[in-house]
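J.: pasting the sequence and the predicted coordinates here, then a few questions.
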Amino acid sequence: MGRRNNVHEIVQGLDACVVPSLKEPLGLCALEAMAAGVPVAAARVGGLKEFVIPEETGLLFNPKVPAEIASSVARLISEPSLRETVIQNSRDMLEHKFSPTAITSRIENALQTVVANNRNRLEARTFGESVNSCAERNQLRMRSDNL
């Protein structure tokens with residue numbers, strides 16, 4: 001096929017996306033297929049297990065068992081109600097978890113947590129330093145009083 005600029009159109013024409021990886025940290029291929037409205041059958045590994053929920057957003061299989069792979073693909077192609085359910089749920093999940101608004105919100109929450117934790121540490125350290133400073137001043141006063 002060579003270099004293509006219309007990959008999204010090609011993906012939309014697929015009957016199913018199969019991701020038989022033995023290791024998969026995220027599963028971007030599966031996410032892109034879901035975004036294109038293509039049902040996903042994926043290996044039960046890594047990041048795929050986080051968003052491919054059996055019977056809801058796709059099907060999972062053991063990547064070392066060819067019969068499971070074949071069965072998953074066959075179900076997505078031959079069971080229209082499962083196929084439509086998976087496609088709709090995948091789109092909903094993508095909108096809920098991966099839309100720019102959802103991602104921005106999670107980043108903002110994470111940053112607010114970091115800022116709050118650092119503020120608390122800074123306040124605790126500043127309070128500790130001021131307590132230490134008071135104690136040091138009191139010790140100096142006591143020494144000068146004793147002279």
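T.: Received it, and whenever you're ready, just let me know what you need. Numbering: from 1, shown residues only.
J.: rest of the way, CA atoms for contacts and neighbours
T.: Fine.
J.: ok, Ile10 to Glu108 distance?
T.: Distance of Ile10 to Glu108, computed by CA to CA, to the nearest Å: 35 Å.
J.: again with Glu50
T.: Taking CA to CA, one finds Glu50 at 22 Å from Glu108.
J.: can you check my assumption that Leu60 lies in a strand?
T.: Yes. The assignment for Leu60 is a strand, going by DSSP: H, G, I helix; E, B strand; the rest coil.
J.: can you name the residues that contact it?
T.: 41-44, 49, 52-54, 72 (CA atoms under 8 Å, 6 or more residues apart in numbering).
J.: and these, which are buried?
T.: Buried by 16 or more other CA atoms under 10 Å: 41-44, 49, 52-53, 72, out of these.
J.: reformat the residues you listed as JSON lines; add secondary structure and pLDDT.
T.: Shown next, in JSON lines, are the buried ones among the contacts of Leu60 (DSSP: H, G, I helix; E, B strand; the rest coil; pLDDT from 0 to 100):
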{"residue": "Ala41", "secondary structure": "strand", "pLDDT": "98"}
{"residue": "Ala42", "secondary structure": "strand", "pLDDT": "98"}
{"residue": "Ala43", "secondary structure": "strand", "pLDDT": "98"}
{"residue": "Arg44", "secondary structure": "coil", "pLDDT": "97"}
{"residue": "Lys49", "secondary structure": "helix", "pLDDT": "95"}
{"residue": "Val52", "secondary structure": "coil", "pLDDT": "98"}
{"residue": "Ile53", "secondary structure": "coil", "pLDDT": "97"}
{"residue": "Ser72", "secondary structure": "helix", "pLDDT": "98"}
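J.: closest one to Arg121 out of those, please.
T.: Closest to Arg121 out of these is Lys49 (36.3 Å), distances taken as CA to CA.
J.: noted, bye for now.
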